[in-house]
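Asks: Using only what follows, build the 3D model:
(2 chains)
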Amino acid sequence: KAGVTQTPRYLIKTRGQQVTLSCSPISGHRSVSWYQQTPGQGLQFLFEYFSETQRNKGNFPGRFSGRQFSNSRSEMNVSTLELGDSALYLCASSLNRGTNTEAFFGQGTRLTVV
Amino acid sequence: AQSVTQPDIHITVSEGASLELRCNYSYGATPYLFWYVQSPGQGLQLLLKYFSGDTLVQGIKGFEAEFKRSQSSFNLRKPSVHWSDAAEYFCAVGAQTNTGTASKLTFGTGTRLQVTL
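Replies: Predicted coordinates:
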């Protein structure tokens, strides 16, 4: 069974540009969550999509957005990039609803903003 | 709002020695607790989880954790550390949301484990 796949693994962008990151969840998983990891702030929840709808949102500016497709694949977009957006972006998928679920993480996309 | 505290930023142990990584959480309802491990430049791998029932849970790679409600703790232990265990370890709490308990995790700041030979 394939794990969570994130593409690309590495990205270098210039301030002011926009970027789109992709995440393919484990087959059958309908929930996809995104996290930002930085040395200063640690791991922070961005948002979660379930059945193509954003269900939960973290405390990030509107420049950070996402979407989910009917096959559960998800994309995350960051517009007007800032130097502080440099981070490892992690995607996690989990199985439907319920209380006995766990999140499986991809290897992440390392974004560097110059 | 939930929070997780990992008081030890960095721990060094000798190979073969025992290990305990501390985790304290704050959450108003029944906590759903997880321990993850991250190797440099990699994603997070789940070591173990606690939802309910037996307060001592076993995980992969010989790790175990004990849930103590009275102390709001979920410490990770391993009887004998191997050099390959060197990594960063994260404790997390999952909120009960409308899409499950693992879709919105709050992480601690992590503990970096160094293993000396």
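Asks: middle-most residue in chain B, spatially?
Replies: Residue closest to the average C-alpha location in chain B (C-alpha atoms, centre = their mean): B:Trp35, at 3.0 Å.
Asks: With chain A instead?
Replies: A:Trp34 (3.1 Å).
Asks: So that residue versus B:Ser73, what's the distance?
Replies: 29 Å (C-beta to C-beta, to the nearest Å). Any C-beta I mention is one placed from the backbone N, CA and C, and that applies to glycine too.
Asks: Quick check: which element contains the residue nearest to the centre of chain B?
Replies: strand B:32-38 (DSSP states H and E).
Asks: Contacts only, for B:Gly59.
Replies: For B:Gly59, the contact set (C-beta atoms under 8 Å, 6 or more residues apart in numbering or on different chains) comprises B:Trp35, B:Leu46, B:Leu47, B:Leu48, B:Lys49, B:Ala65.
Asks: and the two most separated of the residues you listed?
Replies: Longest distance between any two of the contacts of B:Gly59 is 11.8 Å, between B:Leu46 and B:Ala65; criterion C-beta to C-beta.
Asks: between those two, which one's more packed in?
Replies: Taking other C-beta atoms under 10 Å in any protein chain shown, B:Leu46 and B:Ala65 do not tie; B:Ala65 has more neighbours (26 against 18).
Asks: where's the more buried one, which helix or strand?
Replies: For B:Ala65, the host element (DSSP H and E) is strand B:64-68.
Asks: how about that strand: buried residues?
Replies: B:Glu64, B:Ala65, B:Glu66, B:Phe67 (16 or more other C-beta atoms under 10 Å in any protein chain shown).
Asks: Great, nothing more from me.
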